[in-house]
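Colleague: heads up, no residue letters with this:
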DNA sequence: TCTTACTGCAATCACTATGGTTACATTTAG
DNA sequence: CTAAATGTAACCATAGTGATTGCAGTAAGA
């Protein structure tokens, strides 16, 4: 399986990190798609959701593009995740189980609590890292890379 | 979307809870499927994975069926989850990003760390609840139910 | 020994989400 | 007016999921 949740969040975080890295200018969906080795439409779809969530804004027309709507230090990975992945991560039963069964008629409710708490733990961890943290790490890696290349 | 990860874990936890609730006898895949409103083959597939993980065992032939391989208090929800959902829950990029881009060539590695930690937080929460806990909650609900029905 | 009731497993099907792509309308700078 | 960008809708191939059928193997019990 391993299909897990889509890679949308990864794409979004990648894009946000690019916007933060070069926050003196706006980036086009083509430029971001280029770094992702994907295509501009997909990027626009995902950035569109981020815009709805208030994380980025865009300008149309020539010289248009995308920019962060808040400081990178105030955007966490959870913000990106929450803007894209709506449903519960761990899914419960496909159908409601049988109400005839002593276990069946209680299980769904119990699982919802357990799964909700588990997702909350994950969300909390994602909320601890900001886009600014990632930019710092990228820049540090690049400095190290430059040093090694001397 | 909300497709999230499959409901396999939910089915497995449901089945394990049934096996623990009636641990004086073995249950057939048909009985479990009945409670799930699903079908026996699906149950056997999932319980088969749990057997590989050492959580349950089965006997073939007439009067065959399934039983827990360890005490219910020593099986956590994480055990069930880990036996079924192999890949990472949060997936990274579909393709590797461009190595030409300063952000692209670092992002994948950074995201793996973040996502791994986030999943670890979730796993840790799932590991705090055992099947025995769920059975206790089911029995408590049933007692309450009986009281209200008087 | 023969029947019955199980597991084990392969194969198939309908459905859905994803990621990728084309196409085109709209907007804006120059 | 043209070029360069966003905003969308539509479509496609692929893959995973859950459901189902079919059948071989196994073991208990008449």
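Modeller: Received, thanks. Everything numeric in this text was worked out from a predicted model, so none of it was measured.
Colleague: show me where chain A has helices.
Modeller: Listed in chain order, the helices of chain A (DSSP state H) span A:8-21, A:29-36, A:40-52, A:77-84, A:104-126, A:131-149.
Colleague: now those helices as JSON lines including distance to chain B, mean neighbour count and mean pLDDT?
Modeller: C-beta coordinates here come from the backbone N, C-alpha and C atoms, glycine included. JSON lines is the format used below for the helices of chain A (distance: least, CB to the nearest CB, whole Å; neighbours: other CB atoms under 10 Å in any protein chain shown; pLDDT from 0 to 100):
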{"stretch": "helix A:8-21", "distance to chain B": "5", "mean neighbour count": "25", "mean pLDDT": "97"}
{"stretch": "helix A:29-36", "distance to chain B": "4", "mean neighbour count": "21", "mean pLDDT": "97"}
{"stretch": "helix A:40-52", "distance to chain B": "10", "mean neighbour count": "17", "mean pLDDT": "97"}
{"stretch": "helix A:77-84", "distance to chain B": "6", "mean neighbour count": "22", "mean pLDDT": "95"}
{"stretch": "helix A:104-126", "distance to chain B": "4", "mean neighbour count": "19", "mean pLDDT": "95"}
{"stretch": "helix A:131-149", "distance to chain B": "5", "mean neighbour count": "15", "mean pLDDT": "96"}
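Colleague: What's the local residue count around the spatially closest residue to residue A:115 that is not a sequence neighbour?
Modeller: Sequence neighbours aside, residue A:90 is the residue nearest to residue A:115 in space, at 4.1 Å (criterion: CB to CB, 6 or more residues apart in numbering or on different chains). Other residues within reach of residue A:90, judged by other CB atoms under 10 Å in any protein chain shown, total 24.
Colleague: For residue A:90, give me the pLDDT.
Modeller: Residue A:90 carries a pLDDT score of 84 in this model.
Colleague: So it sits against residue B:9, correct?
Modeller: Yes. With contacts defined as CB atoms under 8 Å, residue A:90 counts as touching residue B:9 at a distance of 6.5 Å.
Colleague: interface residues of chain A facing DNA strand D?
Modeller: Within chain A, the positions lying close to DNA strand D (CB under 7 Å from any atom of the strand) are A:1-3, A:28-30, A:40-41, A:44-45, A:47-48, A:51, A:58-66, A:91, A:94-95.
Colleague: show me the contacts for the residue of chain A positioned farthest from its centre.
Modeller: In chain A, the residue that sits farthest from the middle, by CA atoms, centre = their mean, is residue A:100; the gap is 41.2 Å. Applying CB atoms under 8 Å, 6 or more residues apart in numbering or on different chains to residue A:100 gives the contacts residue B:35.
Colleague: same thing but 10 Å
Modeller: Listed by CB atoms under 10 Å, 6 or more residues apart in numbering or on different chains, the contact partners of residue A:100 are B:34, B:35, B:37.
Colleague: cool, residue A:142 as well?
Modeller: With CB under 10 Å, 6+ apart, residue A:142 has these contacts: A:21, B:102, B:103, B:105, B:106.
Colleague: now do residue A:76
Modeller: For residue A:76, the contact set (CB under 10 Å, 6+ apart) comprises A:13, A:82, A:123, A:126, A:127, A:128, A:129, A:130, A:131, A:132, A:133.
Colleague: 6 Å instead, please
Modeller: Contacts for residue A:76 (CB atoms under 6 Å, 6 or more residues apart in numbering or on different chains) come out as A:127, A:130.
Colleague: do stretch A:26-38 and DNA strand C meet at all?
Modeller: Yes. Counting by CB under 7 Å from any atom of the strand, DNA strand C is contacted by stretch A:26-38 at residue A:38.
Colleague: now that stretch: how far from the chain's centre is it?
Modeller: 16 Å (CA atoms, centre = their mean, to the nearest Å).
Colleague: do stretch A:127-137 as well
Modeller: Offset of stretch A:127-137 from its chain centre (CA atoms, centre = their mean): 12 Å.
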